[in-house]
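Undergrad: Fold the following, please.
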Amino acid sequence: MERLTCPRRPLFGAVAASVAAARLGATPAAANPQAADVTPTQALATQPSSPTSFAALKQIEAGVLDIGYAEAGALDGPPVLLLHGWPYDIHSYVEVAPLLASAGYRVIVPYLRGYGSTRFLSNQTIRNGQQSALAADVVALMDAVGIQRAIIAGYDWGARSANIVAALWPERCKALVSVSGYLIGNPEINKTPLPPKAELAWWYLFYFATDRGRAGYEKYRKDFAKLIWQTASPKWTFDDATFDRSAAALDNPDHLDVVIHNYRWRIGLA
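TA: Sure, this is the predicted structure:
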């Protein structure tokens, strides 16, 4: 597991804007002339203050889900999908989304399955956390909102989903921004033991493989999330308000099942 030495949420406020300038700024913006006039880097330089919330969220049925998402920018702008990871939420992009929107892009930031206001349409659907299931959610969302091709960016779980969309549905991915590691997982390779120090970094994977771990995550979900924030980004001095804003998304009724299935699947237990 790759450990970050800079904060994940501010990381995307700064790095995603600079990556976007390289990846997105060079993208033709014929659908919206405004995108050709203002680059994300210029927008960053002129942003008066850092927002802390999105406008009213939207809901749309897509595939097996009723997906909650934030949207910013012109509807006819070049589309950009921003995908969050675990245990975070859409507020990872609360600063970068308006920068891209001001540069002329249509920005969509969905809650993954098991987070925020996203819900399964049927009680009978397996709460599958497998990597391809989350990627299929992205394609279903694109279909639902009428987007054929998009620039897809993500970190952690979101990066892996973006990578899978690019690999399995390349015609839907105009450009890819993948941050914080997370290549497409290989269950066979995951069976190979790692050196002890590397295994130690994945302690929660083994914890989640047990009934005790499942019960522990259910009981101490937010304490667990805060610990991950602190250990994954040791130089990020986030405040309680920042954490609480994102931690609220973990109260989703399907969150436990999706997370446990995700990590058990990785080592062949689900």
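
Undergrad: Beta-bridge partners for Ile152, please?
TA: Taking DSSP bridges, one finds Leu81, Leu176 as the beta-bridge partners of Ile152.

Undergrad: wouldn't it be in contact with Ala166 here?
TA: Yes: contact between Ile152 and Ala166 holds when scored by C-beta atoms under 8 Å: they sit 6.9 Å apart. Quick note: C-beta positions are derived from backbone N, CA and C, even for glycine.

Undergrad: Which one of these two is surrounded by more residues?
TA: In terms of neighbours (other C-beta atoms under 10 Å), Ile152 is the more surrounded of Ile152 and Ala166; the figures are 29 against 18.

Undergrad: got the contact list for the more buried one?
TA: Under the criterion of C-beta atoms under 8 Å, 6 or more residues apart in numbering, the neighbours of Ile152 are Val80, Leu81, Leu83, Val138, Ala162, Val165, Ala166, Cys173, Lys174, Ala175, Leu176, Val177.

Undergrad: Now do the shared contacts for Ile152 and Ala166.
TA: Applying C-beta under 8 Å, 6+ apart, one finds that Ile152 and Ala166 are jointly contacted by Cys173, Leu176.

Undergrad: Assign the nearest residue to Leu100 once chain neighbours are set aside to helix, strand or coil.
TA: Counting by C-beta to C-beta, 6 or more residues apart in numbering, the nearest residue to Leu100 once its immediate chain neighbours are dropped is Val107, at 4.9 Å. Secondary structure for Val107, judged by DSSP: H, G, I helix; E, B strand; the rest coil, is strand.

Undergrad: gap between the residue nearest to the spatial centre of the chain and Ala247?
TA: When the chain is reduced to its mean C-alpha position, the closest residue under C-alpha atoms, centre = their mean turns out to be His84, at 1.5 Å. His84 sits 13 Å away from Ala247 when distances are taken as C-beta to C-beta, to the nearest Å.

Undergrad: can you check Val138 too?
TA: For Val138, the distance to Ala247 - C-beta to C-beta - is 23 Å.

Undergrad: Of the two, give the one with the bigger neighbour count.
TA: More neighbours surround Val138 than the other of Val138 and Ala247, with 28 against 20 (other C-beta under 10 Å).

Undergrad: what sits against the residue nearest to Leu100?
TA: In this structure, Val107 makes contact with Ala70, Glu71, Ala72, Gly73, Pro79, Val80, Leu82, Tyr93, Ala97, Leu100, Ala101, judged by C-beta under 8 Å, 6+ apart.

Undergrad: before we move on, what about Ser132?
TA: Under the criterion of C-beta under 8 Å, 6+ apart, the contact list for Ser132 reads Ile164, Leu168.

Undergrad: Doesn't it lie inside a helix?
TA: Yes: when the secondary structure is assigned by three-state DSSP, Ser132 falls within a helix.

Undergrad: Which stretches in the chain count as helices?
TA: Counting by DSSP state H, the segments of the chain that form helices are 8-23, 34-37, 40-46, 96-102, 131-145, 157-168, 196-201, 203-208, 211-219, 221-232, 240-247, 255-266.

Undergrad: I figured Asp143 was touching Ala62, is that so?
TA: Yes: A contact is recorded between Asp143 and Ala62 when judged using C-beta under 8 Å, the distance being 6.8 Å.

Undergrad: Many thanks, have a good one.
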